[in-house]
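>>> no sequence for this one, just the structure:
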């Protein structure tokens with residue numbers, strides 16, 4: 001702070017005493033003894049923003065005459081501002097000065113959208129507060145913040161600092177399309193600024209077997225193919241905005257179980273064998289095998305079988321009757337029925353003699369079998 005004075009032209013002054021003290025602390029005094037030809041004095045190492053009082057006393061011989069007291073404040077320094085996201089709709093702005101001692105009356109904190117300078121939020125705070133949380137923001141959007149310090153009539157603004165809110169966590173749905181394909185879709189938050197999405201699909205019991213796709217922000221669905229029938233998969237979607245990313249929760253679904261190939265054959269007049277060939281790589285929990293009379297769909301026999309069984313014998317049937325068989329594979333809540341296959345039981349004519357057909361495609365004839 002500079003203190004200067006204008007001496008009286010016609011006057012004899014031996015020297016001047018210049019005093020500077022804090023306005024609110026009169027004991028904190030700085031003074032300088034100056035010769036009569038000096039009319040200015042710079043005081044340093046003062047507290048930024050603090051109010052000081054200055055006076056000058058002229059000395060002539062044994063007499064002295066003090067001036068009036070004048071008040072001014074030192075200038076304040078620029079404040080350092082930091083901005084960081086809290087979540088997808090909130091940001092924290094904090095600030096501090098480089099010096100421990102500084103007198104500030106209040107702060108004004110501004111937050112604007114980087115691409116829309118008219119979208120401004122601002123708040124006034126006393127000097128004891130140095131942080132502000134802004135809420136209700138747009139996910140993934142770029143914002144810039146600044147802080148203005150007020151000290152008396154002096155105003156000092158910080159530089160602008162920028163950062164983005166976190167991208168949104170999207171809601172994901174996963175659903176099987178068929179036994180080897182799954183669809184993953186998500187509902188983006190509106191409004192939100194998202195640069196891209198990464199969609200992940202991995203086997204639930206083998207997290208290292210991962211399929212992933214990077215997609216632009218205007219895409220909200222992805223189909224994964226060449227999967228294992230009946231297998232459990234989990235999907236997630238990560239939204240990216242600038243250097244930030246936000247993963248969704250994991251969602252699980254199974255591909256549909258496979259459609260098995262079924263064969264049926266008549267073994268006797270009252271028995272038929274149903275068998276099926278499952279795919280080699282497949283996750284099936286169990287099978288249900290059905291046998292119905294071709295002309296009476298209400299006459300049903302069925303067996304619930306574990307996944308390691310691939311054949312079932314039905315007994316107690318009627319000779320020469322036509323039957324349809326099918327096998328439904330079950331994986332989790334998904335099921336997949338096979339096509340129906342048809343065959344007739346053999347007809348008994350006399351001891352050792354049976355009337356065919358006993359297999360699908362046979363022509364009518366007589367076959368002899370030992371009893």
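Arrived safely, thanks for sending. Model, not experiment: these values are computed from the prediction.

>>> Could I get the full set of helices for the stretch 1-150 of the chain?
For the stretch 1-150 of the chain, helices defined by DSSP state H, counting those that start in this stretch do not occur.

>>> which stretches of it aren't confidently modelled?
10, 28, 98-100 (pLDDT under 70).

>>> In it, mark out all the strands, start to finish.
Ranges of strands within the stretch 1-150 of the chain are 2-4, 15-22, 25-35, 40-42, 51-60, 63-66, 70-73, 80-85, 91-96, 106-113, 116-126, 131-134, 142-151, based on DSSP state E, counting those that start in this stretch.

>>> For the nearest residue to residue 181 once chain neighbours are set aside, what are phi and psi?
Distances taken as CB to CB, 6 or more residues apart in numbering put residue 225 closest to residue 181, at 4.7 Å, once the chain neighbours are dropped. C-beta coordinates here come from the backbone N, C-alpha and C atoms, glycine included. Main-chain torsions, residue 225, degrees, to the nearest 10: phi -120, psi -180.

>>> burial measure for residue 208, as a count.
Using other CB atoms under 10 Å, residue 208 has 6 neighbouring residues.

>>> Which element, helix or strand, includes it?
Per DSSP states H and E: residue 208 is located in strand 206-216.

>>> Just checking: what are the partner strands of that strand?
strand 196-203 (antiparallel) (DSSP bridges).

>>> I'd like to know which of the strands of the stretch 1-150 of the chain is closest to residue 300.
strand 80-85 (61.4 Å; CB to CB).

>>> List the neighbouring strands of that closest one plus their orientation.
Sheet pairing for strand 80-85, assigned by DSSP bridges, gives strand 91-96 (antiparallel).

>>> Go ahead and measure how far the partner strand is from the middle of the chain.
23 Å (CA atoms, centre = their mean, to the nearest Å).

>>> cool, and stretch 65-73?
Centroid separation for stretch 65-73 versus its chain: 62 Å, with CA atoms, centre = their mean.

>>> likewise stretch 32-47?
62 Å.

>>> same thing with stretch 281-298?
Centroid separation between stretch 281-298 and its chain, computed with CA atoms, centre = their mean, is 44 Å.

>>> One more: stretch 123-132?
For stretch 123-132, the distance to the chain centre is 30 Å (CA atoms, centre = their mean).

>>> cool, and stretch 65-81?
Stretch 65-81 has its C-alpha centroid displaced from the chain centroid by 50 Å (CA atoms, centre = their mean).

>>> got the buried residues for it?
72-74, 76-77, 79, 81 (16 or more other CB atoms under 10 Å).

>>> Please name the nearest non-neighbouring residue to the residue sitting nearest the centre point of the chain.
Residue closest to the mean C-alpha point of the chain, counted by CA atoms, centre = their mean, is residue 246 at 2.4 Å. Leaving out its chain neighbours, the residue that sits closest to residue 246 by CB to CB, 6+ apart is residue 167, at 4.5 Å.

>>> what sits up against the strand or helix carrying the residue nearest to the centre of the chain?
Assigned by DSSP H and E, residue 246 belongs to strand 244-247. Taking contacts as CB atoms under 8 Å, 6 or more residues apart in numbering, the residues outside strand 244-247 that touch it are 85, 88, 140, 164, 166-169, 198, 236-239.

>>> Generate JSON lines for those residues, with distance to residue 291 as supplementary columns.
Formatted as JSON lines, those follow (distance: CB to CB, whole Å):
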{"residue": "85", "distance to residue 291": "63"}
{"residue": "88", "distance to residue 291": "57"}
{"residue": "140", "distance to residue 291": "59"}
{"residue": "164", "distance to residue 291": "64"}
{"residue": "166", "distance to residue 291": "59"}
{"residue": "167", "distance to residue 291": "56"}
{"residue": "168", "distance to residue 291": "53"}
{"residue": "169", "distance to residue 291": "50"}
{"residue": "198", "distance to residue 291": "49"}
{"residue": "236", "distance to residue 291": "44"}
{"residue": "237", "distance to residue 291": "45"}
{"residue": "238", "distance to residue 291": "50"}
{"residue": "239", "distance to residue 291": "52"}
